[in-house]
Every structure is written in C-alpha cells, then in structure tokens.
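Participant: A predicted structure for the sequence below; I have some questions about it.
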Amino acid sequence: MANGHTITIERDDRRIRVVHGDRVLAETGRALALRETGCPVRYYIPAEDVRLDLLTPSDTHTYCPFKGTASYWSLPDAPDLVWGYPDPKPDVAEIKDHLCFYEVEVSPAEVS
C-alpha cells in the first residue's frame, strides 16, 4: 500500500455480535478483522450472518482509495449504520459479501 499505509485482513473466530437497541442485527463466529493504518479494527461480517431483513439500502456511497466504493444500509432510527464494499479492490477482495458496523461486541475467544 502507498506511503506506509497498510491493511491486513485475518479471520477472527471469536463470537461477534451487533446489537442496536434491543435487536441483534448480526452474530457470527467467522468475521474478518480488518486492520488499517490510522483506523480502529473493523470487523467484517458475512452477509448471511446479518439481519438484512431489518436494513434498508441507503443512497450514501463513499470512496476509499484502498478499499473501493462503499455502499451503506440504514435502520429507521440509525442512518448509514452498516457499510460494505460490493466490488472491493483486489488487495482487499476477501471483504466482498461482508458488512461492517460501527459498534460491535467481541466475545473473548473460547478456550478449548
């Protein structure tokens, strides 16, 4: 990546939950942890583990020179709460078909 900017993506098998109000919007044990220079860790959750029936596509789009163009989804009381990259750049292709939320709960890894 340019100018010392790095992005790493790795599988995170911990339980990741997204709760908004009293609703669980997503729950997975197969998130991707994306670490990007200057940003907090973001968890990308497979779309099939997200309650898409509760979300409405937004007209908002943003562009990241490293990841591509993001699309957003909203709840009635939370605009642009969720985003994803439908056609991510090749360096971050793994995040295709995954969605990201601003606030997530990460459960400690289970000891086996």
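Facilitator: Happy to help now that I have it. Residues are numbered from 1 along each chain as shown.
Participant: Strand partners (parallel or antiparallel) of the helix or strand of the chain with the lowest mean pLDDT?
Facilitator: The weakest-scoring helix or strand in the chain, judged by mean pLDDT, DSSP states H and E, is strand 105-106 (a mean of 84). Paired neighbours of strand 105-106 in the sheet (DSSP bridges): strand 16-20 (antiparallel).
Participant: what does the strand it pairs with rub up against?
Facilitator: 24-29, 31, 43, 45, 50, 75, 78, 81, 101, 103-107 (C-beta atoms under 8 Å, 6 or more residues apart in numbering). Bear in mind the C-beta positions are built from the backbone N, C-alpha and C, glycine included.
Participant: Over to stretch 98-112?
Facilitator: Residues from elsewhere that reach stretch 98-112, judged by C-beta under 8 Å, 6+ apart: 12-20, 25-26, 31-32, 34, 42-47, 50, 73, 81-84.
Participant: what do you get for stretch 68-83?
Facilitator: Against stretch 68-83 from outside (C-beta under 8 Å, 6+ apart): 20-21, 25, 50, 52, 54-58, 60-64, 84-89, 92, 99-102.
Participant: buried stuff in that stretch?
Facilitator: If you call a residue buried by 16 or more other C-beta atoms under 10 Å, then stretch 68-83 has these buried ones: 68, 70-75, 78, 80-83.
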